[in-house]
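**Q** Quick one: sequence and predicted model below, then my questions.
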Amino acid sequence: MVGSTGSLTTIEYEPGVVSDLMAAVNRMAPAELEYEHEKAWHDGNGHSHVQAALLGPSIALPIRNGRLKLGTWQQVVAINHDNRRRQRTIEVTIVGTVSGR
């Protein structure tokens with residue numbers, strides 16, 4: 001994912017798990033803490049940068065027979081940690097070989 005306040009992960013995208021993930025991320029880097037970033041920029045999103053760094057901007061996913069190989073309930077999700085809406089760009093890079101050719 002392009003940007004320093006967004007992340008990518010996989011999850012079972014249902015309300016309970018989404019809520020649990022949000023709560024866990026907020027426990028690791030809560031918005032109400034004092035962040036050094038705020039002293040420089042005063043934009044209220046120091047926690048956003050830390051949360052995104054903890055989850056990371058990229059994931060590696062297997063592709064088999066031209067399709068993503070995911071678990072039955074597993075979805076790829078992009079997360080905006082920022083304190084305002086943002087339009088995000090997701091870059092996809094495919095690495096590997098095509099077997100049988």
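**A** Thanks, I have the structure now. Numbers count the residues shown, from 1 in each chain.
**Q** Next one, pLDDT for D20 please.
**A** Predicted confidence (pLDDT) for D20: 98.
**Q** for V77, same thing?
**A** At V77, the model reports a pLDDT of 96.
**Q** same question, G66
**A** Here the pLDDT value assigned to G66 is 87.
**Q** Would you mind measuring from it to V77?
**A** Plainly put, G66 is 22 Å away from V77 if you go by Cβ to Cβ, to the nearest Å. Placement of C-beta: from N, CA and C, glycine included.
**Q** Kindly report the same for G71.
**A** Using Cβ to Cβ, G71 is found at 14 Å from V77.
**Q** So for those two, which sits in the more crowded spot?
**A** Counted by other Cβ atoms under 10 Å, G71 and V77 do not tie: V77 has more neighbours, with 15 against 8.
**Q** did I read that right, the more buried one in a strand?
**A** Yes. According to DSSP: H, G, I helix; E, B strand; the rest coil, V77 belongs to a strand.
**Q** residues contacting N80?
**A** N80 makes contacts with 5-6, 86, 88, as judged by Cβ atoms under 8 Å, 6 or more residues apart in numbering.
**Q** Let me know the secondary structure of L8.
**A** Per three-state DSSP, L8 ends up strand.
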